[in-house]
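Undergrad: okay, sequence plus prediction incoming.
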Amino acid sequence: MKLFPQFYRLFNLLSLDIALGSVCMTYFVSLVLNVQSPAIFYFLLGQAVWLVYLLDHIYDSRKNNGESYRRIFYKKYAKLLLYVLLANIISITIFFILNFNAELIKWSYLPFLLLVFIY
């Protein structure tokens, strides 16, 4: 019975619950609005959200203001998590290239992409 709390703790430390929540919420909104999205969209969304959270936690773990369990975890596994981060970026890029639709990107994703780069 102790296995589930440990699994959830790791799931939470890696922010996989946040990534999964973003995918579930997007799917729910698409059902409510009756919008069809390809399955790859949900995969890329989850990967992108996880990438942002992973990058943020790695960056925060390098600061010295407080020692939370999350920061200790990210400091301890920093090298491994950087490899995971790199693999995540590569997989997003590969899936994006394989499923590239120029017209869709130009009109629906480009404004958001520009806002991300400005941020």
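TA: That came in fine, so what should we check first?
Undergrad: and the helix ranked longest in the chain, what's buried?
TA: Counting residues, the longest helix found in the chain (DSSP state H) is helix 39-61. For helix 39-61, burial by neighbour count (16 or more other CB atoms under 10 Å) applies to 41-42, 44-51, 53-54, 57-58, 61. Heads up, the C-betas are built off the backbone N, CA and C, glycines and all.
Undergrad: check contacts around the residue nearest in space to the middle of the chain.
TA: In the chain, the residue lying closest to the centroid (CA atoms, centre = their mean) is residue 50, at 1.6 Å. With contact set as CB atoms under 8 Å, 6 or more residues apart in numbering, residue 50 has these partners: 14, 15, 16, 18, 19, 88.
Undergrad: could you dump those into a markdown table with secondary structure added?
TA: Formatted as a markdown table, the contacts of residue 50 follow (DSSP: H, G, I helix; E, B strand; the rest coil):
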| residue | secondary structure |
| --- | --- |
| 14 | coil |
| 15 | coil |
| 16 | helix |
| 18 | helix |
| 19 | helix |
| 88 | helix |
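Undergrad: check those residues and tell me the two furthest apart.
TA: 18 and 88 (14.0 Å; CB to CB).
Undergrad: if we can go back for a sec, got TSV for the contacts of residue 50, with distance to residue 37 and neighbour count too?
TA: Formatted as TSV, the contacts of residue 50 follow (distance: CB to CB, whole Å; neighbours: other CB atoms under 10 Å):
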residue	distance to residue 37	neighbour count
14	25	20
15	23	18
16	21	17
18	20	15
19	16	20
88	21	17
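Undergrad: put together CSV for those residues, with distance to residue 79 and pLDDT on each row.
TA: Output for the contacts of residue 50, formatted as CSV (distance: CB to CB, whole Å; pLDDT from 0 to 100):
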residue, distance to residue 79, pLDDT
14, 15, 89
15, 18, 90
16, 20, 91
18, 23, 93
19, 22, 92
88, 15, 85
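Undergrad: could you report the neighbour count for residue 91?
TA: 14 (other CB atoms under 10 Å).
Undergrad: and the helices in this protein, which stretches?
TA: Counting by DSSP H, the helices of the chain are 3-13, 16-32, 39-61, 69-76, 78-98, 102-104, 110-118.
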